[in-house]
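S.K.: fold the stuff below for me.
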Amino acid sequence: MMETSNMETIYQHIAYILNAMIPEDWEKVLLYAEMREGYGQVFFYFYPLGSNIPVYSLDIVDQYIVDSRNFGSLEDQLFDCCEQLWNEFHQQEQEQWTCFTYILKHTGEMKIQYNLKYS
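M.R.: You can find the predicted model right below:
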C-alpha cells in the first residue's frame with residue numbers, strides 16, 4: 001500500500017510554488033515534469049484569468065516585471081518538489097514514473113497523471 005500523505009504534501013507545495021511564480025491572476029496551470037536517473041526537467045504553462053492564450057513559464061521573466069533571482073529560486077524549489085515526488089515512488093517501492101502531468105485550476109481542483117515508461 002502506497003503512503004500518500006507525503007505525496008499530498010508535495011502536491012500542495014507544488015501548488016503553492018506555482019502560485020508564487022505566476023505574476024497575475026490565473027485560471028489554470030499545466031505543469032509537466034520529466035525525470036530519470038541523472039536527468040530532469042520541469043516547466044509549465046498558465047492561462048491568465050479570462051484568457052485562452054497560455055503563457056510559458058520560461059517567458060515569465062521576459063514578459064512580466066519579476067525579480068529574476070526570486071523567480072529562479074522558485075524554479076529550483078519546483079524542480080526539487082518534482083524530484084521528491086519521483087523519489088517518493090522509489091521509497092514506496094513503486095515503479096518510478098518518467099513523466100508527470102499536473103493540472104491545477106484556480107478553484108484548487110487538481111488532476112494528476114503519471115506515465116511510467118519513457119517513450
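S.K.: could I get the pLDDT score of the residue nearest the centre of the chain?
M.R.: Central residue of the chain (CA atoms, centre = their mean): Leu31, 4.5 Å from the mean position. The per-residue pLDDT reported for Leu31 equals 98.
S.K.: please report the distance of it from Gln84.
M.R.: Counting by CB to CB, to the nearest Å, the separation of Leu31 from Gln84 is 14 Å. Where you see a C-beta, it was placed from the backbone N, CA and C, and this is true even at glycine.
S.K.: with Val61 instead?
M.R.: 25 Å.
S.K.: from the contact counts, what lies against the strand or helix carrying the residue nearest to the centre of the chain?
M.R.: In this structure, Leu31 sits in strand 26-36 according to DSSP states H and E. Identification of packing neighbours for strand 26-36 by 3 or more CB pairs under 8 Å, 6 or more residues apart in numbering; DSSP states H and E yields helix 5-21, strand 39-48, helix 68-91, strand 99-105.
S.K.: could I get these as a markdown table with distance to Ser57, mean pLDDT and mean neighbour count?
M.R.: Below are those laid out as a markdown table (distance: least, CB to CB, whole Å; pLDDT from 0 to 100; neighbours: other CB atoms under 10 Å):
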| stretch | distance to Ser57 | mean pLDDT | mean neighbour count |
| --- | --- | --- | --- |
| helix 5-21 | 7 | 94 | 16 |
| strand 39-48 | 5 | 96 | 17 |
| helix 68-91 | 8 | 94 | 16 |
| strand 99-105 | 13 | 96 | 18 |
